[in-house]
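Visitor: Need the 3D shape of this:
(4 chains)
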2 protein chains.
Amino acid sequence: MGTIYDLAKKTGFSITTVSKALNNYKDVNEKTRAKILKAAAEMDYLPNAHAQSLSTKKSWAIGVMFSEANEVGMKHPFFNGIIESFRHATEEQGYDLMFASRNLRNRDMSYLEHFKHRAVDGIVVICSDRMDEQVQELMQSDIPIVVVDMDSADCSVVYSDNIAGARLAVNHLYELGHRKIAHIAGDRTIDAGATRIKGYELAMQALDLPIEPGYLINAGFFSVEEGKQAMEKLLQLEAPPTAVFVAGDQMAIGAIEAVHEHGLRVPEDISIIGYDDIDMIKYITPKLTTIRQDTDEIGEAAAELLIEQMTAKERLTERRVIPVKLIERLSCAPVKK
Amino acid sequence: MGTIYDLAKKTGFSITTVSKALNNYKDVNEKTRAKILKAAAEMDYLPNAHAQSLSTKKSWAIGVMFSEANEVGMKHPFFNGIIESFRHATEEQGYDLMFASRNLRNRDMSYLEHFKHRAVDGIVVICSDRMDEQVQELMQSDIPIVVVDMDSADCSVVYSDNIAGARLAVNHLYELGHRKIAHIAGDRTIDAGATRIKGYELAMQALDLPIEPGYLINAGFFSVEEGKQAMEKLLQLEAPPTAVFVAGDQMAIGAIEAVHEHGLRVPEDISIIGYDDIDMIKYITPKLTTIRQDTDEIGEAAAELLIEQMTAKERLTERRVIPVKLIERLSCAPVKK
DNA sequence: CAAGTTACCGAAAGCGCTTTCGGGAAGAGG
DNA sequence: CCTCTTCCCGAAAGCGCTTTCGGTAACTTG
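Guide: The predicted model follows:
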């Protein structure tokens, strides 16, 4: 490939001039620029990114940190959707994504350390346990950062309007005539879990509906299995709910399984509404009614906030709340008389 | 954070000695190493990766290229599983993953160019159209590379045993009494599509079963929608099959939808077996019988082959074929008499 | 005690690029 | 014809690190 020095030798100009020609400085004659560009193409010259970063202090790389809370890594469809759209948006601006580990050669180090080592221009953290020390450390640092699916006053954040989403869900069930509405919740240590609980409580209150004992049930970390277990407990109640708002689609799938195993039907015997609108729920039986989170929009917003910070070179703490939408499918029906 | 120079000044040693202490050279006294390490910890010193790469010619980064054939990007569960396990395996060795775009600032460039620019140590390409020029270019290059889900004599590859997988599927249906077995196939330009077709043909032949006209149907690029359309064509045949081997789970989901929409039942009226064993198929109705690809194993094998090449510093062209497994669920049943 | 090892440390060059700053040539103005 | 701009170009320093090679001090050995 050759270096800029080879290019200089080949064209007869100095490396300074070559560098300037390549970087569109204005103090280089159009003809010499043309010559240099031509020569560069001929010898397949490509600038070395490390050398560039070293001298410009800009790496054009964005570090991404996934929460590994429930070991899902990049497998979770919701986060995948976000990261995919985030990637598209940042790519357009010339940034590459770097997935760093906590492991530098044999030494282990924190994510922050690793990102500093790599000298990334910015960091995106996708969905996280707000108590995670690693995340806290990142938010505390002075590297531009945007956090997704979690609120914080310390840095730019973007997340879905979970309060509105919960209200949408509860109201939908209410309009179908349901009054005994339970909530299978995500853990409160997760922002999404906590705010959906809050939204549920507010919505119930606004409708003057009491929350029966046992109706608000923690199902942990959004897995199918946990959703199933939670539903089973609900079904064992003296007066089981006629409708359940579930804080995540995967949990909702588990809930439906539990209902079926009890010989009951969804939605005839019990209505279920999920949250997220992941792809697969269109294909389960019954097709799941849910609250759609706009992953494209979230990813783009995150990219926007981060790029803004990186170019402004100053710490911003903007908060972007992305609207959600009720998607009606077949898992909710009017309450049985 | 400071540089190695600051560390030198602080400890009173030369930067040479500091560097050596940090890199475990043996010609530095244990006591001075201890001092230096202590000072490094105190001032939160972290080596700059760009500077290191520049002088060592090693970046500890692996470039990953996703096929974007059907625009799924990182959303496809099968590839996600692979990349996730690949990540774990390479992470342990100290490598980070870099998702590069084809876009360098405003100039657009090929993946190969981008990876050269970034000076990655190796490349992994996940699943691809074998005709893709970009992929060809990568395989032709002299950067260590491993290709997943596709065969080639030009570089190291790892893929599932699709021939055996297809045979497993067809034999399973045969044993249930089916003789009219169709195949909803992936496109032949995709390696996985082509070899599963091959496997289907071989298996049918071995069982002395003819492939009726129309029974081998191309459903393109593995989407739900294409699978559905293919199934509809199958159902319109004079003598529709009693069982269908579908080359991918998503297509199988579509196929099931089509069957249901025709007022028929799976597996009572028609048996369906998929391929992949993605998570969601455990939750659809009926739970899908399928051929499981071991994504963990594939990812690890890919990591192993790549790391081997990177450390050996020579081009290897090993081929690793990962075994598959029949997972029996509820979408296949004995043929109706 | 002289000569030969061994252990430890540092000067300096180099990795490939950017950017400041100064200088020469050509053109403009009086 | 002389001075002042403007336009191009290049020398050199610097980004933060690694590694070769040589040198000094301390330690053996006979």
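Visitor: For whatever residue of the stretch 151-300 of chain A ends up closest to DNA strand D, give its distance to A:A302.
Guide: The nearest approach of the stretch 151-300 of chain A to DNA strand D comes at A:C155, 24.6 Å away (C-beta to the nearest atom of the strand). Where you see a C-beta, it was placed from the backbone N, CA and C, and this is true even at glycine. Distance from A:C155 to A:A302, counting by C-beta to C-beta, to the nearest Å: 12 Å.
Visitor: Overlap of the contact sets of those two?
Guide: A:V146 (C-beta atoms under 8 Å, 6 or more residues apart in numbering or on different chains).
Visitor: the more surrounded of those two?
Guide: More crowded of A:C155 and A:A302, by other C-beta atoms under 10 Å in any protein chain shown: A:A302, with 29 against 24.
Visitor: Does that one touch A:D149 like I think?
Guide: No. At 9.6 Å, A:A302 does not count as touching A:D149 under the criterion of C-beta atoms under 8 Å.
Visitor: what's the overlap in contacts for these two?
Guide: Counting by C-beta under 8 Å, 6+ apart, the residues touching both A:A302 and A:D149 are A:82, A:158.
Visitor: In contact with whichever residue of the stretch 101-250 of chain A sits closest to chain B, which residues are there?
Guide: Proximity to chain B, evaluated over the stretch 101-250 of chain A using C-beta to the nearest C-beta, is greatest for A:S101 at 3.8 Å. Counting by C-beta under 8 Å, 6+ apart, A:S101 touches A:114, B:87, B:91, B:94-96.
Visitor: so which two of those are the farthest from each other?
Guide: A:H114 and B:R87 (13.9 Å; C-beta to C-beta).
Visitor: What's the local residue count around the closest residue to A:N218 other than its chain neighbours?
Guide: Closest residue in space to A:N218, ignoring its immediate chain neighbours: A:A185 at 5.4 Å, by C-beta to C-beta, 6 or more residues apart in numbering or on different chains. Per other C-beta under 10 Å, the neighbour tally for A:A185 reads 26.
Visitor: name the element A:M98 belongs to?
Guide: Per DSSP states H and E, A:M98 falls inside strand A:96-99.
Visitor: So what are the sheet partners of that strand and their directions?
Guide: strand A:61-66 (parallel), strand B:96-99 (antiparallel) (DSSP bridges).
Visitor: What is the very next helix or strand once past the longest one packed up against?
Guide: It stands for strand A:61-66. Using DSSP H and E, the helix or strand that directly follows strand A:61-66 along the chain is helix A:77-91. Helix A:77-91 is packed against strand A:61-66, strand A:96-99, strand A:122-126, helix A:295-312, with contacts defined by 3 or more C-beta pairs under 8 Å, 6 or more residues apart in numbering or on different chains; DSSP states H and E.
Visitor: what's the closest of these to B:E133?
Guide: Set against B:E133 and scored by C-beta to C-beta, the helices and strands packed on helix A:77-91 come closest in strand A:96-99, at 20.8 Å.
Visitor: average pLDDT across the closest one?
Guide: For strand A:96-99, mean pLDDT rounds to 95.
Visitor: Contacts for it, please.
Guide: Strand A:96-99 is contacted from outside by A:60-64, A:66, A:83, A:87, A:90, A:118, A:120, B:61, B:87, B:96-101, B:114, B:118, using C-beta under 8 Å, 6+ apart.
Visitor: what's the offset of it from the middle of its chain?
Guide: Relative to the mean C-alpha coordinate of its chain, strand A:96-99 is positioned 15 Å out (C-alpha atoms, centre = their mean, to the nearest Å).
Visitor: Quick check: which ranges of the stretch 51-200 of chain A have low pLDDT?
Guide: For the stretch 51-200 of chain A, applying pLDDT under 70 flags the ranges A:67-75, A:103-107, A:127-128.
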